[in-house]
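Enquirer: What follows is a protein structure lacking sequence information:
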């Protein structure tokens, strides 16, 4: 989420962010979910069961002959998930129940964004999660952990397979995040208006990594655009890995096992003018998030440009790097 010209960032005091500003909706004191979000408790579980009808989008129907829908997508990472069928970390989701497990996840949707489980475009196994974004309003469709393992609170590694089409053109589409609900006096845009978080996002077809603090006013955003402007893989399954730490505040990103970029106090692309090695915010480059208690997957498109489809499979969270599945693993 970019802040417009003249808006305050990184501790300055004038201007405001451009993502709907303060929502004014009620906030659940336990989860931090804004009142405008569609939550899983208010929907029948059947609404998020696998869509196996003939009308489901499939790679062969919509994405061209080069689309991959079989297992073993992407090169192997330096460290490997064993692919033995058990969870390779502290927390896993492979969607093989054929529906969202409401004991593990809240479902948040807004402004027309949608989410379902389907069996047409999958990386491994039978099912994957499909989210669909629109061109227009700042929409979102996310699954958010209800009770993430406490061991992930200081630092976490993650792995997920993703498939996106067409080429992303949005000015900022969040894909995965981790953070905690802050106690500051402000409320940012929903659906989690108090969230302090790290994220992996795409921007104009490339990558964006960094952090946002929504419980302060004006809200704070600092991000890095990886050197060389590496592109987001399109219409093919790719292995996404990340590391979020809070002491110090760092994001590392890998795609198909290869390092893509780092965000820390040495690597800040936005806002401009940051001196490498100087504090990120309020005199600090550590502890800005306050730990990781909430993890989310799906999308939040802050500046929509065109409709898109995004799929996720084989999500793992752990305290060490997970790695991509070995070729041929189910």
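Expert: Nice, thanks for sending it over. Predicted, not measured: the structure shown is a model, and the values here were computed from it.

Enquirer: pLDDT-wise, which helix or strand of the protein ranks last?
Expert: The helix or strand with the lowest mean pLDDT-type score in the chain, counting by mean pLDDT, DSSP states H and E, is helix 59-62 (a mean of 34).

Enquirer: shaky segments in the stretch 1-150 of the chain?
Expert: Applying pLDDT under 70 to the stretch 1-150 of the chain picks out residues 1-49, 51-85.

Enquirer: try 50 this time
Expert: 2-31, 35, 40-47, 53-84 (pLDDT under 50).

Enquirer: Give me the spatial nearest neighbour of residue 223, chain neighbours excluded.
Expert: Closest residue to residue 223 apart from its sequence neighbours, by C-beta to C-beta, 6 or more residues apart in numbering: residue 210 at 3.1 Å. (Each C-beta comes from the backbone N, C-alpha and C, glycine too.)

Enquirer: next structured bit after the stretch of helix or strand that neighbour belongs to?
Expert: Assigned by DSSP states H and E, residue 210 belongs to strand 206-213. Using DSSP H and E, the helix or strand that follows strand 206-213 in sequence is strand 220-224.

Enquirer: Quick check: residue 94 touching residue 125?
Expert: Yes. Applying C-beta atoms under 8 Å, one finds residue 94 in contact with residue 125, separated by 5.9 Å.

Enquirer: Quickly list what's touching both of those two.
Expert: Residues touching both residue 94 and residue 125 (C-beta atoms under 8 Å, 6 or more residues apart in numbering) are 313-314.

Enquirer: When those two are compared, which one has more neighbours?
Expert: Legend: neighbour count by other C-beta atoms under 10 Å for residue 94 and residue 125, higher for residue 94 (21 against 15).

Enquirer: Now do the contacts for the more buried one.
Expert: Counted by C-beta under 8 Å, 6+ apart, residue 94 has contacts 124-125, 127, 313-315.

Enquirer: ok, now residue 132?
Expert: By C-beta under 8 Å, 6+ apart, the residues touching residue 132 are 113-115, 141, 307-310.

Enquirer: Quick check: the residue nearest to residue 223 vs residue 121, distance?
Expert: The gap separating residue 210 from residue 121 is 29 Å, by C-beta to C-beta, to the nearest Å.

Enquirer: again with residue 208
Expert: From residue 208 to residue 121 the distance is 24 Å (C-beta to C-beta).

Enquirer: higher neighbour count, those two?
Expert: residue 208 (28 against 24).

Enquirer: Bridged to the more buried one, which residues?
Expert: Per DSSP bridges, the residues bridged to residue 208 are residue 201.

Enquirer: looking at it, it is touching residue 229, isn't it?
Expert: No. Contact criterion C-beta under 8 Å: residue 208 and residue 229 do not qualify, at 11.0 Å.

Enquirer: list the buried ones in stretch 260-280?
Expert: For stretch 260-280, a neighbour-count test (16 or more other C-beta atoms under 10 Å) marks 260-265, 267-271, 274, 279-280 as buried.

Enquirer: Which members of those occur in strands, if any?
Expert: Residues of the buried residues of stretch 260-280 located in strands (DSSP state E): 260-263.

Enquirer: Pull the most distant pair out of those.
Expert: 260 and 263 (10.9 Å; C-beta to C-beta).
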